[in-house]
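Peer 1: Below are the sequence and a predicted model; questions follow.
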Amino acid sequence: MALIVEEKNSRFRVKWQGNSIQWLPDTASNRKTVAVSLRLLLDEKGKRVFTLQELSALFDSDNRQASSGHIERFRKCGSDFLSFLTRKRKVDSDVVNAVIQELADTPLAEASELQQRVNERLGRSDLSLENITVALEQISCQHVRRVLRKQIATGKAHYKEKHLLEEMMSFLSCDSAKKAGIQAPEPQDMSISDPSSVRKLVTPDAPVSSIHEPLRWIVFCLVLYYHGVKLSVLGDWLKVHKTTILRRMLGLVWALWPMVYKWIIDKVQAKTVYIDEKWLKIRGRWHYWFVVLDVATQLPVLSLLLPHKNEWACRWIGVKLKCLGKVPKAIITDGLLSYHYVLEGAKHFLCQFHHQQGVTRWLKKKFSDDKAIDARKSKMKKVFQTDDKRTVRRRLRRLKEQADELGIQEWVAQTEGNLPKLLPSVGSLVIPRTTNAIERFFRAFNRFYKTRCGFFTLASASRELILFMLVYVFLRQPESGKAPIESIIPEATEMPLYKLINDPLGAVLGLENVKKNVKMADFPLQKCIGV
């Protein structure tokens, strides 16, 4: 039986053999309902009136599978229309957006790695590899291309960096490296035996040669570990157990961090700060790492690992800031309501980037039609796409006049309520519009954390977080070419620790004089880079 689908003014109807249904709004739910209803029709002999092939015309397809999937889902819902229409897909927009956010850090991550990270991000455990594959199929290659092009342009696309480091260490352990005078130290010589050398690590103008050699090797291992080389690989290279390597690195970190953190507390005013949190898994339970980052220096003023991110957790952050004597006048957050309780006397501002992201999420909850979403999204986002505060107010006022027609009254009311927290950063040279600085901090931590796959105890997690922060504050950032510690101590560039972290091969192995034009016969570079 011929089935004809007519469309007109965002409405549609179905006609067949002189019969038709009335005009309906052209939405996905209406088309699915009509397809199922027509499939339920039977003739005098009890046969189906419409085949799946004919019903596929409702979905602009010649393939019967375009309609069979909806019919099958209807059966799985107990042939109940309400359950069928309100059934939430396992791979919904939240899952797809979570995958996109994870791809922003590692565009070429394996599906198994994405599965674990997306489950952790969403606080779920039911997403399978097949679900992640389905989500990836819904993501345009433009998302990945954009990230890759940006990373290549800034010199961050080093996807074989870990492999290169492991191959390099394997090569340095062989006989040819020993003949060249490049070899790892003996295991018994890797202990921290000279406390004065530890102090010299953070003493400006102290020569690297004055640092006890085993200590230089420990810093070398610390840098490799920060960049993702596994403890087992370091242990195999140095011929000691991996826990021995970790114990020596953590011993050095605990000796250095109190000195470095005191510099931060003494020299950072923290008048305007970012606050954000990162979820962590410790023995299978969720915890939250809260970090207070100074806007002017981009240095961590406070770090707390807490089991919750509720009102009382945020109040505790405020108490700790007061104990440190750091009471910021302005706090910039991503909009978590609990942050309002951090310091009630401080001015609270919202990140405009997170506000703009929230527009798409809000629209997808309220509207199912992509055309309706696109027609409203540009108007709603345009409100803050300016550097003039009066323009923001004027655009919001005009949008409010159209709110009833567009069906966005709730969003307009929310934006008006948040306007005192969003407007001050518009066109301001003092108040940042986004929390990009702390987002970069957590992106760097994600690269450090993803190879750990969680922590075993609260104590071990706290130690490794300090290890990360110590290396982070001394590591030159690709955006600025400077380490965060330089903002308060410019002479940090002359510290042995700074040189060891940013040039470990030159400082530890003495490779600074190696000729630049290396021939392939001199060093197995082809093997290292995977050519």
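Peer 2: Sure thing, it's come through.
Peer 1: Helix, strand or coil: sort out residue 74 for me.
Peer 2: Here residue 74 is recorded as helix under DSSP: H, G, I helix; E, B strand; the rest coil.
Peer 1: Contact partners for it?
Peer 2: 36, 81, 84 (Cβ atoms under 8 Å, 6 or more residues apart in numbering). In short, each C-beta sits where N, CA and C put it, glycine included.
Peer 1: Pull the number of nearby residues for the second one.
Peer 2: Counted with other Cβ atoms under 10 Å, the neighbours of residue 81 add up to 13.
Peer 1: Name the SS class of the nearest residue to it once chain neighbours are set aside, please.
Peer 2: Spatially, and ignoring its direct neighbours in sequence, residue 81 is nearest to residue 33 (6.8 Å; Cβ to Cβ, 6 or more residues apart in numbering). Of the three states, residue 33 takes helix under three-state DSSP.
Peer 1: hang on, isn't residue 33 packed against residue 82?
Peer 2: No - contact criterion Cβ atoms under 8 Å: residue 33 and residue 82 do not qualify, at 10.9 Å.
Peer 1: neighbour count winner among those two?
Peer 2: The residue with more neighbours, out of residue 33 and residue 82, is residue 33; 17 against 8, by other Cβ under 10 Å.
Peer 1: and the gap between residue 242 and residue 302?
Peer 2: To residue 302, residue 242 is 31 Å away according to Cβ to Cβ, to the nearest Å.
Peer 1: Between the two, which is the more surrounded one?
Peer 2: residue 302 (20 against 15).
Peer 1: mind exporting the helix or strand hosting the more buried one as PDB, just the C-alpha atoms?
Peer 2: Element membership of residue 302, judged by DSSP states H and E, is strand 300-306. Presented in PDB, the C-alpha positions along strand 300-306 are these (Å, rounded to 0.1, in the frame of the first residue of the first chain):
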ATOM      1  CA  PRO A 300      47.600  27.200  43.800                       C
ATOM      2  CA  VAL A 301      46.900  28.900  47.100                       C
ATOM      3  CA  LEU A 302      44.900  26.100  48.600                       C
ATOM      4  CA  SER A 303      44.400  22.400  47.800                       C
ATOM      5  CA  LEU A 304      41.900  20.200  49.600                       C
ATOM      6  CA  LEU A 305      40.800  16.600  49.000                       C
ATOM      7  CA  LEU A 306      37.200  16.100  50.400                       C
END
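Peer 1: May I have the strands that pair with that strand, each with its orientation?
Peer 2: Paired with strand 300-306 in the same sheet, following DSSP bridges, are strand 285-294 (antiparallel).
Peer 1: quick one: contacts of the partner strand?
Peer 2: 123, 268-270, 272-281, 299-309, 313, 317, 321, 326, 328, 437-438, 441-442, 458, 461, 465.
Peer 1: pLDDT of the helix with the most length in the chain, averaged?
Peer 2: As assigned by DSSP state H, the longest helix anywhere in the chain is helix 242-267. What helix 242-267 shows for mean pLDDT is 90.
Peer 1: again with stretch 16-31
Peer 2: Per-residue scores along stretch 16-31 average to 88.
Peer 1: Contacts for the strand holding residue 302, please.
Peer 2: By Cβ under 8 Å, 6+ apart, strand 300-306 touches 264-265, 268, 270, 273, 280, 287-294, 313, 316-317, 320-321, 324, 326, 441, 458, 461-462, 465-466, 469, 473.
Peer 1: From what I see, residue 220 and residue 501 are in contact.
Peer 2: No - with contact defined as Cβ under 8 Å, residue 220 does not reach residue 501; the gap is 9.5 Å.
Peer 1: more neighbours, these two?
Peer 2: More crowded of residue 220 and residue 501, by other Cβ under 10 Å: residue 501, with 24 against 20.
Peer 1: Residue 330: how many residues sit nearby?
Peer 2: Residues near residue 330, counting by other Cβ under 10 Å: 17.
Peer 1: Can you give me the distance of it to residue 388?
Peer 2: Distance from residue 330 to residue 388, by Cβ to Cβ: 21 Å.
Peer 1: repeat for residue 136
Peer 2: From residue 136 to residue 388 the distance is 41 Å (Cβ to Cβ).
Peer 1: These two - which one has more neighbours?
Peer 2: residue 136 (16 against 11).
Peer 1: pLDDT wise, what is residue 524 at?
Peer 2: pLDDT at residue 524 comes out at 40.
Peer 1: That should have said residue 422, apologies.
Peer 2: Here, the pLDDT recorded for residue 422 equals 91.
Peer 1: Contact partners for it?
Peer 2: Residues near residue 422 by Cβ under 8 Å, 6+ apart: 349, 350, 352, 355, 384, 415.
Peer 1: Against which helices or strands is the longest helix of the chain packed?
Peer 2: helix 195-201, helix 213-226, helix 231-238, strand 300-306, helix 458-474 (3 or more Cβ pairs under 8 Å, 6 or more residues apart in numbering; DSSP states H and E).
Peer 1: most tightly surrounded among these?
Peer 2: Most buried of the helices and strands packed on helix 242-267, by mean neighbour count (mean count of other Cβ atoms under 10 Å): helix 213-226, with a mean of 21.
Peer 1: do you know how far the nearest residue in space to residue 62 that is not next to it in sequence is from residue 243?
Peer 2: Counting by Cβ to Cβ, 6+ apart, the nearest residue to residue 62 once its immediate chain neighbours are dropped is residue 56, at 6.4 Å. Per Cβ to Cβ, residue 56 is found 61 Å from residue 243.
Peer 1: Tell me which of those two has more neighbours.
Peer 2: Neighbours per residue (other Cβ under 10 Å) separate residue 56 from residue 243, with residue 56 holding more: 19 against 10.
Peer 1: what's the pLDDT at that one?
Peer 2: pLDDT at residue 56 comes out at 88.
Peer 1: shouldn't it be in contact with residue 69?
Peer 2: No - using Cβ under 8 Å, residue 56 and residue 69 do not qualify as a contacting pair, with a distance of 10.2 Å.
Peer 1: which residues are in contact with both of those two?
Peer 2: Between them, residue 56 and residue 69 share no contacting residue, judged by Cβ under 8 Å, 6+ apart.
Peer 1: State the helix or strand in which residue 433 lies.
Peer 2: Applying DSSP H and E, one finds residue 433 in no helix or strand.
Peer 1: ok, it touching residue 353?
Peer 2: Yes - the criterion here is Cβ under 8 Å, and residue 433 meets it with residue 353 at 7.5 Å.
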